[in-house]
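S.K.: A structural model of the following input is requested.
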Amino acid sequence: MTPQSASPVPSAVSSAAASQISYDPRDGEHSVTRAFAGMNLSAANGDVLPTPPPPAKTARPTMANRISRMFSNTAKTGSKEPDTHRDFSDSSTDSVKPPSNGSGRQSKPTSRPSSRAPSRQTSTKEDSERKPKSNGGKDQKDPSAAAHRRFEALPDHAHCHHLKSARRQEKLTDLLRDMLGGGRKKDDHVDDQQLSLMSTWIDQFKNERDKLAADKKGGPNATASLVDKYGKCQEIVGRGAFGIVRISHKVDPKDSRVEQLYAVKEFRRRPQETTKKYQKRLTSEFCISSSLRHPNVIHTLDLLQDAKGDYCEVMEYCAGGDLYTLVLAAGKLEVAEADCFFKQLMRGVEYMHEMGVAHRDLKPENLLLTTHGALKITDFGNGECFRMAWEKEAHMTAGLCGSAPYIAPEEYIEREFDPRAVDLWATGVIYMAMRTGRHLWRVARKDEDEFYQRYLEGRKHEDGYAPIETLHRARCRNVIYSILDPNPSRRINASQVLKSEWVREIKLCKAGEEGF
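M.R.: Predicted coordinates for the structure are as follows:
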């Protein structure tokens, strides 16, 4: 790891002048200017400038020492890391591209969105070199201005979110048009292509396009009870392998101008799936999701059958879309914005694990957002109950499931493993996707993925992994390294993450706290 120590003072500057070189945000200019001015004045008067002493050698920190300080009390050390909540450009990003729809994902329906997502800036020369070329002459909008529209900082380190998935969808549509039309440049970085958040989206889009058009043409076929209780199902806002999500519009009988929106997930029978297995699969998901009540977990309301005999799960509707499309449209999220979503995610995961439930498919596509910025975990199709209410010990689980970039390494090599540790691993990958706009690796298997191999080598030699090292705050890096520990027995749990010094300092928005 690179030691977090001050750089040595150049020999051309006196120690007296160097001691004055600093930056005070309350001043209108850099104090370094005044320091050099004083040094030049001394030289003009004939004073001899003393030669600075050689810099003291700093002990090289180890990964174990760094992580052990994760839960340290700041008050005891008397030092506090600088606040980086307003730092909007601390890591590189990949080019933004359209998403694939998960079975539980929702996005806000729109007629004609009006704005385009901004271009992005990087903070270092290396980041600039990795950044894809310009978008063919299109105007580049100021990312800080666009971020301000999406995320607003308030006094006392508070903040609020203003999410409109309609505008993000227009940006993704433009990107899709460019990519299908050959808009991507040949000299784009190979690593960026391999770790892009949409690496498999284009193929999925082409395969599903005809099916989606057929669904829109045919329309829903709901029973009278479904229509009476929750209104008529209309536009499709999400799609998975064996189900789609529509918006149901329930008109207020007292005022026809007011309507309540619900998300209705239609379960489809898999090929060669018997009626018994079909009913077991959907009732299992409904039983898990409907038993959970938390501001950061989706609220599941009902399970009904439509006229075709397919079951429909009714949930609260999140008009802010999902985290996946937000990251794609924004390129990467601001520090405080990503931190807020991460803490909400950890609150939801901690609650699920306390209830004896593991999700087993955590990814940005399964994290829904309200327009005010509340994050809600959804899609419990792979969920498992690892501990019943009367049991004290957790059961191990088996089997490979989820999306490759978020799957924990033990799922590939162990016959049985703790599903809670699997969920935690995914949260670490999700946080890095929010901060960098790209995956850390394609798959967490050292013999199959060069990026994951680099990560393991970085941990072994105490050098760390470059994408994680771009995170400015040491406490943040240490928590992420602890979450992404390849050894699941050493991996920290959700409660420990929430008790860490870094996460305790994260201030949630009011919507994230209350779930509205």
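S.K.: quick one, helices of the stretch 201-350 of the chain?
M.R.: Listed in chain order, the helices of the stretch 201-350 of the chain (DSSP state H, counting those that start in this stretch) span 201-218, 224-230, 275-290, 323-330, 335-354.
S.K.: least confident of these, on average?
M.R.: Ranked by mean pLDDT, these bottom out at helix 201-218, with a mean of 48.
S.K.: so where do the strands sit in the stretch 301-450 of the chain?
M.R.: Applying DSSP state E, counting those that start in this stretch to the stretch 301-450 of the chain gives strands spanning 311-316, 357-358, 367-369, 375-377, 384-385.
S.K.: can you list those strands in a markdown table and add mean neighbour count and mean pLDDT?
M.R.: C-betas here are computed from N, CA, C, even on glycine. Below are the strands of the stretch 301-450 of the chain laid out as a markdown table (neighbours: other Cβ atoms under 10 Å; pLDDT from 0 to 100):
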| stretch | mean neighbour count | mean pLDDT |
| --- | --- | --- |
| strand 311-316 | 22 | 94 |
| strand 357-358 | 26 | 97 |
| strand 367-369 | 27 | 96 |
| strand 375-377 | 27 | 98 |
| strand 384-385 | 18 | 94 |
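S.K.: just put those strands in TSV and tack on distance to residue 400.
M.R.: Listed next are these as TSV, based on distance: least, Cβ to Cβ, whole Å:
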stretch	distance to residue 400
strand 311-316	25
strand 357-358	14
strand 367-369	21
strand 375-377	21
strand 384-385	13
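S.K.: what's the closest of these to residue 347?
M.R.: For residue 347, the closest of the strands of the stretch 301-450 of the chain is strand 375-377, at 8.9 Å, according to Cβ to Cβ.
S.K.: output the contacting helices and strands for that closest one.
M.R.: Counting contacts by 3 or more Cβ pairs under 8 Å, 6 or more residues apart in numbering; DSSP states H and E, strand 375-377 is packed against helix 335-354, strand 367-369.
S.K.: of all the ones you listed, which lies closest to residue 228?
M.R.: Nearest to residue 228, of those and by Cβ to Cβ, is strand 367-369 at 25.9 Å.
S.K.: what comes into contact with the closest one?
M.R.: The contact list for strand 367-369, computed with Cβ atoms under 8 Å, 6 or more residues apart in numbering, reads 104-106, 161, 163, 165, 298, 318, 320-324, 326, 341, 345, 375-378, 430.
S.K.: and with 6 Å instead?
M.R.: Contact with strand 367-369 is made by 106, 163, 318, 320-323, 375-376, 378, as judged by Cβ atoms under 6 Å, 6 or more residues apart in numbering.
S.K.: distance to residue 157 added to these, as TSV?
M.R.: What follows is these, written out as TSV (distance: Cβ to Cβ, whole Å):
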residue	distance to residue 157
106	30
163	20
318	26
320	22
321	26
322	27
323	22
375	19
376	24
378	29
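S.K.: residue 493: which of those residues is nearest?
M.R.: Set against residue 493, the nearest of those by Cβ to Cβ is residue 375 (19.4 Å).
S.K.: my read: that closest one touches residue 344, true?
M.R.: Yes: at 4.1 Å, residue 375 counts as touching residue 344 under the criterion of Cβ atoms under 6 Å.
S.K.: could the helices and strands packed on strand 375-377 go into JSON lines alongside distance to residue 478?
M.R.: Listed next are the helices and strands packed on strand 375-377 as JSON lines, based on distance: least, Cβ to Cβ, whole Å:
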{"stretch": "helix 335-354", "distance to residue 478": "14"}
{"stretch": "strand 367-369", "distance to residue 478": "24"}
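S.K.: tell me which of these is the most buried.
M.R.: Using mean count of other Cβ atoms under 10 Å, the stretch among the helices and strands packed on strand 375-377 with the largest mean neighbour count is strand 367-369, at a mean of 27.
S.K.: re earlier: out of the helices of the stretch 201-350 of the chain, which is closest to residue 480?
M.R.: Closest to residue 480 of these is helix 335-354 (Cβ to Cβ; 9.7 Å).
S.K.: now residue 462, what's its secondary structure?
M.R.: Secondary structure, DSSP: H, G, I helix; E, B strand; the rest coil: residue 462 is coil.
S.K.: roughly how far apart are it and residue 478?
M.R.: 13 Å (Cβ to Cβ, to the nearest Å).
S.K.: the more surrounded of these two?
M.R.: residue 478 (24 against 15; other Cβ atoms under 10 Å).
S.K.: give me the element that one is part of.
M.R.: In this structure, residue 478 sits in helix 474-483 according to DSSP states H and E.
S.K.: same for the helix or strand just after that helix, what does it pack against?
M.R.: Moving toward the C-terminus from helix 474-483, the first helix or strand encountered (DSSP H and E) is helix 494-499. Helix 494-499 is packed against helix 335-354, with contacts defined by 3 or more Cβ pairs under 6 Å, 6 or more residues apart in numbering; DSSP states H and E.
S.K.: other SSEs contacting the helix it packs on?
M.R.: Where contact means 3+ Cβ pairs under 6 Å, 6+ apart, helix 335-354 is packed against strand 375-377, helix 419-436, helix 494-499.
S.K.: now tabulate the ones you listed in TSV and tack on distance to residue 239.
M.R.: Below are the helices and strands packed on helix 335-354 laid out as TSV (distance: least, Cβ to Cβ, whole Å):
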stretch	distance to residue 239
strand 375-377	19
helix 419-436	21
helix 494-499	30
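S.K.: to residue 488, which of these lies closest?
M.R.: Nearest of the helices and strands packed on helix 335-354 (Cβ to Cβ): helix 419-436, 4.0 Å.
S.K.: give me the contacts around the closest one.
M.R.: Here helix 419-436 makes contact (Cβ under 6 Å, 6+ apart) with 91, 327, 332-333, 338, 342, 345, 349, 353, 358-360, 362, 364, 384, 386, 397, 406, 408, 440, 467, 480, 483-484, 488, 491.
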